[in-house]
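Give me a 3D structure for the following:
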Amino acid sequence: MFRRTSSEPESPTTPEKAGGKGRPTPSRKEAEAAARARAKVPRTRKEQMAAQRSSRGDTSRRMREAMKTGDERYLPSRDRGPVRRFIRDFVDSRFSFIELMVPLLVVSMVLGYSGSRGMIQLGNTVLFTTILVIIVDIFMLRMRLRRELARRFPGESTKGATLYAAMRSLQMKFLRLPKAQVKIGQKLPETYR
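Next up, the predicted model:
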């Protein structure tokens, strides 16, 4: 008989693979039981509600992550597609006067409550000038955006693009969802497909 000495290494029964699953393959009986458990239909209303709540939680978690990272798979349908991604990047890459709106509105409000007639008029002037500048900024955004969309996406539907861009530009940059993926002044890629 052949006897192994203690100095000889034991050969492993299954070789370890790099990147392997790290656990044994389940038996057929275990796999079928697991499949039945996954396919088990909830019987009571309480079980149905728990299953729906769980799936909603997973979906909303994925959507929140997508809003931060810009992952197209889990974004809402209004934010999907290369045209919408280009619009987001186009709006985010330019300086918008909306960034100055909140401080200017605070100044006009303080001037309005100062009590002096001259200060109230100055506050009103600041307020109306701010609104006028924002309207002009949105008009200029619309003109440039339509030109860029026609150049980059010829023949593709751009319905609702102007409203989408205007609504995004009216939000302060740190509040925009999906989060901005480009910095102000950054050059945009030529293709978005």
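
From Met101, how far out is the residue nearest the centre of the chain?
Centroid-nearest residue in the chain, with CA atoms, centre = their mean: Met67, separated by 2.0 Å. Met67 sits at a distance of 23 Å from Met101 (criterion: CB to CB, to the nearest Å). All C-beta atoms are positioned from the backbone trio N, CA, C, and that covers glycine.

now do Gln121
According to CB to CB, Gln121 and Met101 sit 20 Å apart.

Over to Thr158?
Counting by CB to CB, the gap between Thr158 and Met101 amounts to 27 Å.

thinking again about what came up before, of Gln121 and Met101, which one has the most company?
Ranked by neighbour count (other CB atoms under 10 Å), Gln121 and Met101 place Met101 first, with 16 against 12.

Quick one: mean pLDDT over the one helix or strand Ala31 maps to.
Assigned by DSSP states H and E, Ala31 falls within helix 28-39. Mean per-residue pLDDT for helix 28-39: 86.

One more: stretch 43-61?
Per-residue scores along stretch 43-61 average to 84.

what's in contact with it?
Pro42 (CB atoms under 8 Å, 6 or more residues apart in numbering).

For the nearest residue to Ile138 once chain neighbours are set aside, report the pLDDT, please.
Nearest non-adjacent residue to Ile138, counting by CB to CB, 6 or more residues apart in numbering: Ala166, 5.2 Å away. With respect to pLDDT, Ala166 has a value of 93.

Which residues are in contact with the closest residue to Gln181 other than its chain neighbours?
Leaving out its chain neighbours, the residue that sits closest to Gln181 by CB to CB, 6+ apart is Gly70, at 5.1 Å. Gly70 makes contacts with 85, 178-179, 181, as judged by CB under 8 Å, 6+ apart.

Selection in PyMOL covering whichever of these are buried, please.
In PyMOL, this line selects whichever of the contacts of Gly70 come out buried by 16 or more other CB atoms under 10 Å:
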select buried, resi 85+178
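
can you tell me which residues contact the residue nearest to Ile138?
Taking CB under 8 Å, 6+ apart as the criterion, Ala166 is in contact with 138, 141-142.

That one sits in which helix or strand?
Using DSSP H and E, Ala166 maps to helix 161-169.

gap between that helix and the chain center?
Counting by CA atoms, centre = their mean, to the nearest Å, helix 161-169 is centred 16 Å from the centre of its parent chain.

For that helix, buried residues please.
161-162, 164-166, 168-169.

With stretch 123-140 instead?
Buried, per 16+ other CB under 10 Å, within stretch 123-140: 123, 126-127, 130, 134, 137-138.
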